[in-house]
Structure formats: C-alpha cells, structure tokens
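Engineer: fold the following, please.
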Amino acid sequence: MCELFCLSARKPMRASFSLRRFAAHGGADTGNVDGWGVAFHEGHEVRLYKEPEPASHSPWLDFIERRTLPTRQLVSHIRRATQGGNSLANTQPFVRELGGRTHLFAHNGDLKDVVTRAAEPAHRFHPVGETDSESAFCLLLERLAPLWHRRVPPLGLRLETLAAFAAEMRPLGTFNFLYSDGEFVFGHGHRRRGADGSMGAGLWFRHRHRAEVAHRTGAEQGAHETEAGVALHPTEGAQDLSLLASVPVTAGHWRPLAEGEIVVLAAGELAATAPSPNLSPKGRGV
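Structural biologist: Coordinates of the predicted model:
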C-alpha cells in the first residue's frame with residue numbers, strides 16, 4: 001500500500017522528510033514504484049513537489065534535501081497505484097483552493113464507487129486524474145465548501161464534517177488519509193495490510209515533547225537522525241513536534257490510531273480528536 005507521512009511543528013524547522021530510508025519505501029522492494037510527493041506549507045499556500053517516478057532513485061529528493069526549507073507543516077505520500085495510471089495527474093498529494101486557502105489531501109487505500117460519485121456534473125470540484133483518492137478529496141471538499149463560505153469555520157464543525165464523511169467512505173474500502181486546510185492537519189486511521197497479509201493499524205501517531213527536543217545534546221540529536229526514517233534538524237530552544245505515518249518512521253513511542261479515529265494537529269500539538277466509533281467511552285481519546 002501507499003505510504004503517508006505528516007509533520008507538525010510549533011516553530012519552523014528543517015526536516016529531510018524521507019531521505020534515504022523513507023524513500024526506500026518507494027522502491028521496487030516494496031512495490032511503491034508509482035510516484036511520490038511532498039508538500040511544505042507556507043502560510044495558506046503550499047510548496048508542492050511530486051513526480052510519477054519511484055521515490056527511491058529520484059534526483060528530486062537530492063534537490064529537496066539540499067534546499068530543505070524551514071516549515072511548520074509537511075505532508076508526503078509515496079504511491080502504489082490501485083486505481084488510475086502512472087501519471088502526474090494521479091500523483092499525490094492533491095491540492096485545491098477553498099476559502100482563499102490551499103487545501104491538501106493524501107490517501108492510502110482503495111475505495112469503490114467514489115470515482116462515479118465524484119463525476120456528478122453539478123459539483124464544484126472535479127478530479128483532474130482518474131484515482132479514487134482524488135475523487136474522494138473532491139467529494140470531501142463538496143462537503144466542506146458550505147462551511148467555508150465567507151468565513152473560517154470553527155474547528156469543531158470541520159472535525160464533525162470530516163468524521164461524518166469518513167464514516168460514509170469506510171464501507172467502500174480502505175480509507176487512511178491526511179487532510180490539511182493550512183491551519184490544521186487531520187489524520188484519519190482505518191486499516192492497512194502488512195507485508196505478511198495481515199490487517200493492522202492504518203496510521204500511527206507520535207508526539208515529541210518540548211524537553212525531549214530542547215535538551216538533547218548534539219551527539220544525541222545526531223544519533224536520533226541517523227536511526228530515523230525522517231531526519232529532524234533541531235531548532236534553538238524548545239520545540240513541539242507531532243508526527244503521523246503509515247508505519248513508525250523514527251525511534252520512540254508511536255501509538256496506532258484505532259479504526260475510524262481522527263486526530264487533529266496544529267503547531268506541533270494534538271489540537272483535537274474524534275474517537276473511533278468502535279471504542280467504548282472508556283477507551284476513547286488519545
């Protein structure tokens with residue numbers, strides 16, 4: 001399946017998002033050979049790099065590593081095609097304007113019937129490519145558009161809308177996704193088939209506390225970057241980081257999201273959560 005990764009930071013920081021270990025997830029050994037993309041948020045706009053080529057041997061990754069710019073929010077995707085051919089139009093993440101902001105979406109899974117649903121002529125948002133992922137994004141934006149009409153909607157209303165939409169999509173297949181409106185990143189966990197064929201968590205979450213980052217020595221920071229699938233270049237002073245990934249990509253404690261759970265990240269913190277509908281009240285939350 002595809003690979004998702006997201007970073008949210010309290011202060012702008014440099015992150016070599018996948019070089020080289022994470023990029024290896026997009027090589028022939030894993031089957032993720034159909035494209036990759038990474039988006040760096042800059043306010044309400046997005047700096048997006050993507051190509052329909054294997055990530056593991058892409059010269060663009062060398063360029064991104066050399067040019068790595070400070071960012072508070074990063075989303076990346078490595079693709080294994082299930083619907084739609086190998087083309088730039090079908091390469092994620094996908095972006096659209098809504099409410100004067102660039103909204104971004106990346107999906108891991110396989111959904112049935114959403115391409116047909118998104119083809120409704122009366123819709124405002126239409127896919128450029130042929131993937132179920134982009135079609136799902138367009139359908140989500142149709143649902144969100146009334147909320148963004150002449151205002152910035154409250155987080156609670158955004159989260160409620162996403163949770164209802166995700167509940168409608170899950171019966172159609174596998175629906176792990178990252179969605180960002182420039183202010184918040186929403187991560188929805190469903191399920192993911194492992195290399196051994198078993199089904200497990202579709203998305204994992206990790207939060208790094210300020211003291212953990214601020215008080216590392218130079219040697220400790222270097223060791224962490226060496227062992228990590230994601231190189232996090234330290235900033236001066238305290239820092240908060242929250243990470244989401246299809247599989248854990250750094251050392252440290254990662255928590256699997258329950259099926260149907262949504263977590264919301266902002267400025268390196270967990271801003272809100274919509275618990276799995278399958279959990280009892282005692283088991284809900286982060």
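Engineer: name the helices or strands packed onto the lengthiest strand in the chain?
Structural biologist: Ranked by residue count under DSSP state E, the longest strand found in the chain is strand 3-16. With contacts defined as 3 or more CB pairs under 8 Å, 6 or more residues apart in numbering; DSSP states H and E, the packing partners of strand 3-16 are strand 71-78, strand 101-108, strand 176-180, strand 185-188, strand 231-233, strand 241-245, strand 262-266. For the C-beta atoms, the positions are set from N, CA and C on the backbone; glycine is no exception.
Engineer: can you give the strand pairings for the fourth one, parallel or anti for each?
Structural biologist: Put plainly, it is strand 185-188. Partners of strand 185-188 in the sheet, by DSSP bridges, are strand 176-180 (antiparallel), strand 262-266 (antiparallel).
Engineer: which is the next helix or strand following the last one?
Structural biologist: Following the chain from strand 262-266 toward its C-terminal end, the next helix or strand by DSSP states H and E is strand 269-274.
Engineer: and that next one, how far out from the chain middle?
Structural biologist: Mean C-alpha position of strand 269-274 versus that of the full chain (CA atoms, centre = their mean, to the nearest Å) differs by 15 Å.
Engineer: just for the stretch 1-150 of the chain, where's the confidence low?
Structural biologist: Applying pLDDT under 70 to the stretch 1-150 of the chain flags residues 1, 15-33, 68, 81, 84.
Engineer: let's see it at 90
Structural biologist: 1-3, 10-38, 40-44, 51-72, 76-87, 119-122 (pLDDT under 90).
Engineer: all strands of it, in order?
Structural biologist: Applying DSSP state E, counting those that start in this stretch to the stretch 1-150 of the chain gives strands spanning 3-16, 36-42, 45-51, 71-78, 94-98, 101-108.
Engineer: quick one: strands adjacent to the longest strand of the chain?
Structural biologist: For strand 3-16, pairing defined by DSSP bridges yields strand 71-78 (antiparallel), strand 231-233 (antiparallel), strand 241-245 (antiparallel).
Engineer: what angle do it and strand 269-274 make?
Structural biologist: Inter-element angle recorded for strand 3-16 and strand 269-274: 170 degrees (by axes from the mean of the first three to the mean of the last three CA atoms, to 10 degrees).
Engineer: beta partners of Leu74?
Structural biologist: Beta-bridge partners recorded for Leu74 (DSSP bridges): Leu7, Phe40.
Engineer: wait, I meant Leu178
Structural biologist: Applying DSSP bridges, one finds that Leu178 bridges with Ala106, Gly187.
Engineer: rewinding a little: export the helices and strands packed on strand 3-16 to TSV and tack on distance to Pro12?
Structural biologist: Listed next are the helices and strands packed on strand 3-16 as TSV, based on distance: least, CB to CB, whole Å:
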stretch	distance to Pro12
strand 71-78	5
strand 101-108	18
strand 176-180	16
strand 185-188	15
strand 231-233	11
strand 241-245	12
strand 262-266	14
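Engineer: out of the ones you listed, which comes closest to Arg206?
Structural biologist: strand 241-245 (4.6 Å; CB to CB).
Engineer: show me what secondary structure element comes after that closest one.
Structural biologist: For strand 241-245, the following helix or strand on the C-terminal side (DSSP H and E) is strand 255-256.
Engineer: which residues does that following strand contact?
Structural biologist: With contacts defined as CB atoms under 8 Å, 6 or more residues apart in numbering, strand 255-256 is touched by Gly189, Gly200, Ala201, Leu203, Trp204, Phe205, Arg206, Val286.
Engineer: chain center to it: distance?
Structural biologist: The mean C-alpha position of strand 255-256 is separated from the chain mean by 15 Å, CA atoms, centre = their mean.
Engineer: list the contacts of Phe186.
Structural biologist: By CB under 8 Å, 6+ apart, the residues touching Phe186 are Arg158, Leu159, Leu162, Phe177, Leu178, Tyr179, Ser180, Ile262, Val263, Val264.
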